[in-house]
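A.B. asks: The following comprises the amino acid sequence and a computationally predicted model.
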Amino acid sequence: MAPLRSSAANLLAVGSTLLLFHFGNLESRRKKLGSITFRREKCGGPLRGGGEDGVPLDHVEVEKLERLGDMRELKKLQKAARKASLEGAEKRQRLHEYRESSKHKAGISIEKLASSVNISVKELEKYEPGAPFRWTHGVDPSNVTVPENGYFYMQGKGGRKVRICRLITGTWQLGRWYNFKDTGGAMKNTPDAIEHVSEKARLGFTTFETAPQYEKALSIIGSIRSKKELPTTTKRNITTLLRWAPTFTDYYEDGINNTLDDFRRLLNCEHIDILTLHWANFSIPSWIDFLRHFRFRDPKVSIVGVTNFPKAQMQIARDEGIKIGCNTVALSVIDQRPLKDLLPYCKAKKIPVFAYGVLMGGFLSELWLNVPEPDDRDLENASLDKYFVMIRRWGGWRLFQRLLQTLAVIAYKHNKTIPLVAMRFVLEQPGVEGIIVGNRLGFPTSDYTIENAEIFSFCLDSTDFDDIKRVTSQGRDLFRKVGEVGSEYRIRDEQGHVLSVSAQ
């Protein structure tokens, strides 16, 4: 009788042979049917295929059909995937061509604009702007200045005044995660980025929003403070809005002090102008301790602020005797959640609000007017991906196009652009003292700094606000659909509910 070890080995060999035979057949069936291509996006999304309705296909279903040997269904799946792939490629090509041509438009005829926004030429002519309408204004950089109403002052510790440019430059594009297709992003162009930041400061745009996760952004801002070519006055006026989301290693006083010292070293400054706290889980009450430390124990943090804090947390901090210097929240013509209760509260308590997401990653621009709805593969970076989801939740692509058309008419009326109208809408909200608009620093071709400076040269009238409201009121209430400000960034329980927002 053969030993037991030998019998086990034989069973293992037979099992291995059967497995090889099974997977060999699967491989041969794949080759026979032709390959169905699915790819995992760099953003970590699901495997993408294509059905006739454009719904992503589940790779688990594909594998199930292969195991069952369901040749007929697998052929149908292959045909649908090929069709969707061809349609997607054509759509992306049309989108690319449209956007590339839009970048080089010096102007646009009134007839073409009327056709774009589906109204009559006669209706547009009643506005009679002072100059031909332009998608992108050609302005001599030497003539660009930020007027006095483009700044406001905040009172810091020890009587220190902090001057804030109301058009704040966001630096998140310097992060390696920003661009899916070019993981290097602007990081490959650090010298150009330093030069670009210096030029923005020279023109008067001296306030920068940044965060540790933006990688080299802090050191780039720090570099221009020692740049010999910049006037001393300009370097003295550079201010930083630093957002920080502490980790567990920062939960001790020494950890906090060491981290803040690192920030000051990278920013090449003695004082952090504005430090804002971002907190993902309010059921952990340590956020109060951090704010208390910033406010009372660190004299080198001039102003203590918060990011994405709802009204409830603002009130709790006030009850604890902590003065909040500012709150940074998402706000745009589509995402108007702060208008519900937060902005009125902050205005009543004289707490400045800074708004980000004003242009929704660039969606609120002429480049997306009359463009077919994109799929995930059309989106170039994490910012577009995030705001595309918000557009869908709000009302979908068709309603979004109606909003762009409305903004285009208002832009024509004032002889401005869609982004300028969208920015002006936010800046004119009571309590909003500044807006954060990002540029791909180091890439001058995609920089709209000069054009954006025109935001201080006009105001919207009551008719403009009524026209915008007529469209936005048809969308869903994002306060109910998504939650209060910042809830999309907070940790949720297994049922999907945001964890407790009490300090206890």
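C.D. replies: Nice, I can see it. Bear in mind the structure is a predicted one, so any value in this text is a computation, not a measurement.
A.B. asks: Surely residue 373 is in a strand?
C.D. replies: No - assessed with DSSP: H, G, I helix; E, B strand; the rest coil, residue 373 is coil; it does not lie in a strand.
A.B. asks: gap between it and residue 473?
C.D. replies: According to CB to CB, to the nearest Å, residue 373 and residue 473 sit 22 Å apart. Backbone N, C-alpha and C define where each C-beta goes, glycine included.
A.B. asks: So between the two, which is more surrounded?
C.D. replies: Neighbours were counted for residue 373 and for residue 473 using other CB atoms under 10 Å; residue 373 has more, 17 against 8.
A.B. asks: Quick check: phi and psi at the more buried one.
C.D. replies: The phi/psi pair for residue 373 (degrees, to the nearest 10) reads phi -60, psi 130.
A.B. asks: and it, what does it touch?
C.D. replies: Residue 373 is in contact with residue 397, counting by CB atoms under 8 Å, 6 or more residues apart in numbering.
A.B. asks: Show the pLDDT at it.
C.D. replies: What the model reports for residue 373 is a pLDDT of 89.
A.B. asks: how much space between it and residue 481?
C.D. replies: 19 Å.
A.B. asks: again with residue 229
C.D. replies: 49 Å.
A.B. asks: what about the two, which has more around it?
C.D. replies: Ranked by neighbour count (other CB under 10 Å), residue 229 and residue 481 place residue 481 first, with 12 against 9.
A.B. asks: In the stretch 351-500 of the chain, mark out all the helices, start to finish.
C.D. replies: For the stretch 351-500 of the chain, the helices defined by DSSP state H, counting those that start in this stretch cover 382-394, 396-414, 418-427, 449-452, 462-472, 478-481.
A.B. asks: looking at these, which is buried most?
C.D. replies: Across those, averaging neighbours per residue (mean count of other CB atoms under 10 Å) puts helix 418-427 on top, at a mean of 24.
A.B. asks: If you count contacts, what does that one end up packed against?
C.D. replies: In this structure, helix 418-427 packs against helix 396-414, strand 432-438, helix 449-452, helix 462-472, with contacts taken as 3 or more CB pairs under 8 Å, 6 or more residues apart in numbering; DSSP states H and E.
A.B. asks: Least confident of these, on average?
C.D. replies: Averaged per stretch, pLDDT over the helices and strands packed on helix 418-427 is lowest on helix 449-452, reaching a mean of 79.
A.B. asks: What is it packed up against?
C.D. replies: Applying 3+ CB pairs under 8 Å, 6+ apart, we find helix 449-452 packed against helix 190-203, helix 418-427.
A.B. asks: what sits against residue 197?
C.D. replies: Neighbours of residue 197 in contact, by CB under 8 Å, 6+ apart: 169, 208, 220-221, 223-224, 441.
A.B. asks: So which of those belong to helices?
C.D. replies: For the contacts of residue 197, membership in helices holds for 220-221, 223-224, with DSSP state H as the criterion.
A.B. asks: of all the residues you listed, which comes closest to residue 433?
C.D. replies: Nearest to residue 433 among the ones in helices among the contacts of residue 197, counting by CB to CB, is residue 221 at 20.7 Å.
A.B. asks: Tell me which stretches of this structure form strands.
C.D. replies: Ranges of strands within the chain are 39-40, 47-48, 151-155, 161-165, 167-170, 207-210, 239-244, 272-278, 301-307, 327-330, 353-356, 432-438, based on DSSP state E.
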